[in-house]
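Peer 1: Pasting the sequence and the predicted model now:
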Amino acid sequence: MTAAGCAHPLFDGLSAYHDLVQSPGWPGIDELNARLSLQGRCLIVQDEALAGDGLHYEQRIAQGGIATRPCNWHDLFNALVWARYPAIKAALNARQCLHIARGGSRRRNRAQEALTQFDETGVVVQVRDAALIEAWDRHDWSGLFAGQADRWRRGDIVIAGVVGHALMEQALLPGRRLVGKCLVVCAETGADVLARIAGAVGAGEVLEDPLELRPLPLAGIPGWHPRQDAGFYAQADYFRPLREGRVYPPPLIIPRS
């Protein structure tokens, strides 16, 4: 069990746990529970007996148990994201449980789809100036990446956190070009962007519809792919044009103190 793909910048936020994903053997559930701080929750083995308890996956988490398949990349990354971003994960879970209580466990509404997409493929982006995402609004990918490469390098636009554990799993596949589904926060350096996201999710301020999420072709970020010339950004099958009528919400704001 090794993951050379963890050298990908997508995993920078999980650097404290790289030994767990690069070890010669899979970490066991007990080992993970002992190592990770899961804020009052614990990992429990997902088996047939657990699946037969009648609880929805999200409801079980609300009671303290995160169903986890042993020797499974998807679930291992989920556990690590719980340890790294507990407030965001708890807010996602609370909103899912709210919708389940209102509409039952068999039907999923638009908000649940949005919550799930962010949970699986979510990325938090921080910008210092909302004008920096005008090119993103238009899907002007060359303008967003190449045209503002210096702003990316200076930290005026930055990946503040990667929540999507399915995105991490896909990053292990060589050559896979990834697309994150993003929430954006406009704030100065040093602001608690992750707390702002957790609060917005918990309050239902965001993720009421999947169309709120901005797609971000991660290979376009300066330094994230070996080829980033004009021809690269012209590949419309990856850097997709804006669909007619698609409008993204403005970024969340953290006022200057």
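Peer 2: Looks like it arrived, so ask away. Residues are numbered from 1 along each chain as shown.
Peer 1: Which helix or strand in the protein has the lowest average pLDDT?
Peer 2: Taking mean pLDDT, DSSP states H and E as the measure, the helix or strand of the chain with the lowest value is helix 48-51, at a mean of 76.
Peer 1: ok, and what's touching it?
Peer 2: Applying Cβ atoms under 8 Å, 6 or more residues apart in numbering, the set of residues contacting helix 48-51 from outside is 44, 60, 67. Using the backbone N, CA and C atoms, a C-beta is placed for each residue, glycine as well.
Peer 1: helix or strand right after that helix?
Peer 2: For helix 48-51, the following helix or strand on the C-terminal side (DSSP states H and E) is helix 57-62.
Peer 1: Relative to the whole chain's centre, how far out is that following helix?
Peer 2: In this view, helix 57-62 has its centroid 19 Å away from the chain centroid, taken as Cα atoms, centre = their mean, to the nearest Å.
Peer 1: Please work out which residues outside that helix touch it.
Peer 2: Contacts to helix 57-62, defined as Cβ under 8 Å, 6+ apart, come from residues 41, 44, 50, 53, 66-67, 93-94, 96-97, 100, 105.
Peer 1: Domain map for this protein?
Peer 2: Structural domains annotated on the chain: 15-114, 118-253, as defined by automatic domain parsing.
Peer 1: In JSON lines: those domains, plus mean neighbour count.
Peer 2: What follows is those, written out as JSON lines (neighbours: other Cβ atoms under 10 Å):
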{"stretch": "domain 15-114", "mean neighbour count": "16"}
{"stretch": "domain 118-253", "mean neighbour count": "17"}
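Peer 1: To residue 9, which of these lies closest?
Peer 2: domain 118-253 (5.8 Å; Cβ to Cβ).
Peer 1: For the stretch 151-257 of the chain, which segments are assigned as strands?
Peer 2: 157-162, 179-186, 214-217, 252-253 (DSSP state E, counting those that start in this stretch).
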